[in-house]
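Asker: got a predicted structure here, sequence first:
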Amino acid sequence: MTRRGGDPPVPSLLWSSRHVWRTVMETEMVGILLGVVLPLYPMLFAIYQKIGKYDEIVEQFKQLRAEHEAHKENYHGN
């Protein structure tokens, strides 16, 4: 395969320009992906903390319910 001037194309230049283009496209895609995902992390962390607090509240509620049932049995004699 020759060019108009008769010189064969230089494979390294052809490869490097494609490689650079591919690298630029990959870098842009990583930038877009990070731009979309990174702002979600604070929200996900806040949700995770609220779930943990909810679990603690549920455990306290279960303890209070059991305590209430015990007092109710003692008071009503059932």
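Answerer: Yep, that arrived.
Asker: please make it C-alpha for all contacts and neighbour counts, starting now.
Answerer: OK.
Asker: domains of the chain: list them as residue ranges, please.
Answerer: 1-37, 39-78 (automatic domain parsing).
Asker: tabulate those domains (TSV), appending mean pLDDT and mean neighbour count.
Answerer: Shown next, in TSV, are the domains of the chain (pLDDT from 0 to 100; neighbours: other Cα atoms under 10 Å):
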stretch	mean pLDDT	mean neighbour count
domain 1-37	71	10
domain 39-78	89	11
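Asker: can you give me the helices for this structure?
Answerer: For the chain, applying DSSP state H gives helices covering 11-37, 40-76.
Asker: so how far is the longest one from its chain's centroid?
Answerer: With Cα atoms, centre = their mean, to the nearest Å as the basis, helix 40-76 stands 27 Å off its chain's centre.
Asker: show me what it is packed up against.
Answerer: Applying 3 or more Cα pairs under 8 Å, 6 or more residues apart in numbering; DSSP states H and E, one finds that helix 40-76 contacts no other helix or strand.
Asker: going forward, begin numbering at 55 instead of 1
Answerer: Understood, numbering begins at 55; the last thing we discussed is helix 94-130.
Asker: now Lys107: how far from Lys116?
Answerer: Separation of Lys107 from Lys116 (Cα to Cα, to the nearest Å): 14 Å.
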